[in-house]
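A.B. asks: Attaching a predicted model along with its sequence, questions to come.
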Amino acid sequence: MRAAFARGVPIWAVVVFAVALGARLSFGWLADQPLLYTHQYHYFMNGLLIARHPEPWSFLLRSDQWRLWNGHWTIAPLYYPFEAVVFWIFGPNLEALRIVQCVLGALTAVAVGAIGRAAAGPRGYWAGLLYAVHGYSVELPAWTLTENLHNVLFCAAMALLLRGAIGPGLGATATGAALLGVSALARSVSSAFIPLAAAWRWFYGDRQRRGRAAAVVLACGLGVIVPWTARNVFIIGDLVPIETTAYENIWFANHFTDEVRFRRQAEIVHGQDSPAAKRAVAMHFALRGIRRDPAAFWDKVRKNFWHFLRPEGLHHLLVAESSMPPWWHAFYVLLDDLPGLVLLPPFLAFCIGGRRTAAWALIVLWTAYYLFFEVVVFLNEVPRHRTGFIPLFLAGGVAGIVLLWQQEQRRRVAPWIGFAVGVVIVAGLLRPYPTRAWRAVSALRMLTASEQSVKRGDFAEADRLASAAAARAPESRRPGSEYGRMLAAAGRPGEAAAAYERAARAPGTSWRPTVARPRLLRESGQRADADVALRRLQALSWNADPWLVLEAAWRELPPPRVDDVPLGVGDEGAVRGFFHPRGLDPERSRHRLEWTQYQNWQGPQPPPGTHRWTRHRSWVRLLPTQPATAYDVTIAMGSPFPSPLPAPVVAVRVNGGEPHPFTLGRSVLPYTVRAAAAPGAPLLVQIDAPTWTRYGEPAGQGVRVDRVMVAPVR
């Protein structure tokens, strides 16, 4: 560190970098989540596609297959070869990519601190510290998304442009403009800002060289993009500056038709014989939608504005009631919502009443530009689409606090007008939540009394109190779900299933009733209803994410009272840390149980041969039907195709005991561990396995597990 200081690295930058890197690495280690959702796998698999190609440079130059989205549209190119470079260096390793992205996130925080210092003076580095611990920015490196690369390039570009505006020479300006152009190749949202940045540079900086400086910004920024555009025109044969997905997004955001008409539009758009024709028809439908229904367009703008600024943590906690762990809700409320709500008034104070410096102009210009696209032109997906807004928002918010704190500025009216507008907006953002929070707390207080009645065995009184709690918060699924969980833990599956069914009638979107009802109905003997509920659960797992559903079921349900857990279908609540349920067909590209099998399956037992693959650490739990002081725990597992590991060494622990190593082979075979246990207590089986990643498969898989069985030792 002393050497860094000797080279002129400021202390604040080292501190910001260390805090940001530590926060991101810690989150990845503690959250320990796999890749989730379609977008993450799209980017990850296409990076692997490049890395495994026999002629990657020719593939990148002459084909668009590696950046194709939805079979018809292309995405900005830079993130895919970035991933491929990481895979060439470290192998197809998701964790290595995540660590590299953590470093990029830490560098982004330093750049945000530099922007903050340009806007607010020496104290502006606090913007970098805020970015270092900002909720979604901390989580982002765990995701394979283009923002990981775009953010560091864009923020470094902004910091260098500001440095060039106040310093001699044009080196920083040229470098910043070039980085801005490169960032547009990671996410094209930056591309149209290059001319605006050139106009900004015309008005700010050394007036004797303003024309030259503006020309440098324009030439260096666009000069990075032009070679890519030339490749698209002369090699691919399509006149597109960077990508075509923006056309699909504009059409989707502005078609203003019902689902049936939109599907018909999609057939027409995708049926065109050239990419140019697809873009033209998509834009035709978008413009026609706005022209035919301008009221719907302005309603979209209104909703987009409030949605863009929405406190996401509070929304998921109190409105959506997302089935996430308590720490996740606390993390987002404290580190994502709170900074945004607190800094919005001083940010607007800075925008409206700040000194007209180069930093002020750049922050205001970018904010207006970004909000125009996210609020007016497109739809916004919070919090992902806020990533381009947050860095300069934090810098402007810190600058606003410094502005309001300065004694000579306190008598000025303009900053306080901006602050007041921000307070009004914050009040509007918070308006839906106090009532919901009060109702939720009141209902949970009544449920505490209901839980005491359940423990006493007075189920009539417990049901009365639970009904009153549900009436106290009629818009929430939480009271009914909590009561169902109490009854399930008390060993009353039929009543618990009924409680969850009542909870499912509430207008929330919580997964809790869906993940709990199949097993409870099966345990209470309602086989037909259990089959229907299980099909709904599998549809949720397929459409959302299987790992998230398993995590929700693990929190919601007690260990099942069984001696045999077949993995694959209907095992929710018994397994954790596994991937999708799979079938045995080796010809399937992803070797997973196809959705058509779920649709065609009618019986209560899993289809023959279903199984799951572990992650690096996975768990199975069950409550044996026969109490004993020791059990033989048998796990049917192996490392068959598509695993590239012929003989992985797996460690098995039961109830946190000593690890038992097993060397697996290609065949799925039984492996037995003898473990002591308290009579009547559940068994927790932990499987630690080496992981592998290959194209077409979920990242970071371990070994295949077909079932777990227990037998008492006599």
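C.D. replies: Arrived safely.
A.B. asks: Spit out the contact partners of His616.
C.D. replies: Contact analysis of His616 by C-beta atoms under 8 Å, 6 or more residues apart in numbering lists Asp688, Ala689, Pro690, Thr691, Gly700, Gly702. No exception for glycine: its C-beta is placed from N, CA and C like everyone else's.
A.B. asks: Which two among those residues are spaced furthest apart?
C.D. replies: Spatially, the most separated pair among the contacts of His616 is Asp688 and Gly700, at 13.1 Å (C-beta to C-beta).
A.B. asks: Walk me through the domains of this protein.
C.D. replies: 2-238, 312-433, 458-557, 561-714 (automatic domain parsing).
A.B. asks: so Asp563 touches Thr625, yeah?
C.D. replies: Yes: counting by C-beta atoms under 8 Å, Asp563 does reach Thr625; the two are 5.4 Å apart.
A.B. asks: Looking at the two, which one has more neighbours?
C.D. replies: Higher neighbour count among Asp563 and Thr625: Asp563, with 16 against 11, using other C-beta atoms under 10 Å.
A.B. asks: pLDDT value on the more buried one, please?
C.D. replies: For Asp563, the pLDDT comes out at 95.
A.B. asks: What separation do you get for it and Val673?
C.D. replies: Distance, Asp563 to Val673, by C-beta to C-beta, to the nearest Å: 15 Å.
A.B. asks: before we move on, what about Pro326?
C.D. replies: 32 Å.
A.B. asks: Tell me which of those two has more neighbours.
C.D. replies: Taking Pro326 and Val673 together and counting by other C-beta under 10 Å, Val673 has the greater number of neighbours (19 against 9).
A.B. asks: Check which helix or strand the more buried one maps to.
C.D. replies: Assigned by DSSP states H and E, Val673 falls within strand 669-676.
A.B. asks: Can you point out the buried residues in that strand?
C.D. replies: Residues Tyr671, Val673, Ala675 are the ones in strand 669-676 that count as buried (16 or more other C-beta atoms under 10 Å).
A.B. asks: try stretch 623-637
C.D. replies: Buried residues in stretch 623-637 (16+ other C-beta under 10 Å): Leu623, Pro624, Ala628, Tyr631, Val633, Thr634, Ile635, Ala636, Met637.
A.B. asks: Apart from its chain neighbours, what residue comes closest to the residue nearest the centre of the chain?
C.D. replies: Closest residue to the average C-alpha location of the chain: Trp143 at 6.4 Å, with C-alpha atoms, centre = their mean. Once flanking residues are discounted, Trp143 sits nearest to Gln40: 5.5 Å by C-beta to C-beta, 6 or more residues apart in numbering.
A.B. asks: tell me the average confidence for stretch 331-343?
C.D. replies: 97.
A.B. asks: would you put the C-alpha positions of it in PDB?
C.D. replies: C-alpha atoms of stretch 331-343 as PDB (Å, rounded to 0.1, in the frame of the first residue of the first chain):
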ATOM      1  CA  PHE A 331     -30.100  -5.900   2.500                       C
ATOM      2  CA  TYR A 332     -32.200  -4.200  -0.100                       C
ATOM      3  CA  VAL A 333     -34.200  -1.900   2.200                       C
ATOM      4  CA  LEU A 334     -31.000  -0.700   4.000                       C
ATOM      5  CA  LEU A 335     -28.500  -0.600   1.200                       C
ATOM      6  CA  ASP A 336     -30.600   0.100  -1.900                       C
ATOM      7  CA  ASP A 337     -33.800   1.900  -0.900                       C
ATOM      8  CA  LEU A 338     -32.400   4.000   1.900                       C
ATOM      9  CA  PRO A 339     -29.600   5.600  -0.100                       C
ATOM     10  CA  GLY A 340     -31.900   6.400  -2.900                       C
ATOM     11  CA  LEU A 341     -34.700   7.900  -0.800                       C
ATOM     12  CA  VAL A 342     -32.200   9.900   1.400                       C
ATOM     13  CA  LEU A 343     -30.200  11.300  -1.500                       C
END
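A.B. asks: Check pLDDT for the buried residues of strand 669-676 and point me to the minimum.
C.D. replies: Out of the buried residues of strand 669-676, that is Ala675, at 93.
A.B. asks: and the gap between that residue and Leu149?
C.D. replies: 47 Å.
A.B. asks: that older thread, which other residues reach the strand holding Val673?
C.D. replies: Outside strand 669-676, the residues that reach it (C-beta under 8 Å, 6+ apart) are 629-638, 652, 654-655, 657, 660, 662, 664, 683, 713.
A.B. asks: With stretch 264-281 instead?
C.D. replies: The contact list for stretch 264-281 (C-beta under 8 Å, 6+ apart) reads 71-74, 238-240, 244, 247, 251, 255, 257, 282, 285.
A.B. asks: how far does the helix or strand that contains Glu482 sit from the chain's center?
C.D. replies: Using DSSP H and E, Glu482 maps to helix 478-489. Helix 478-489 sits 28 Å away from the centroid of its parent chain (C-alpha atoms, centre = their mean, to the nearest Å).
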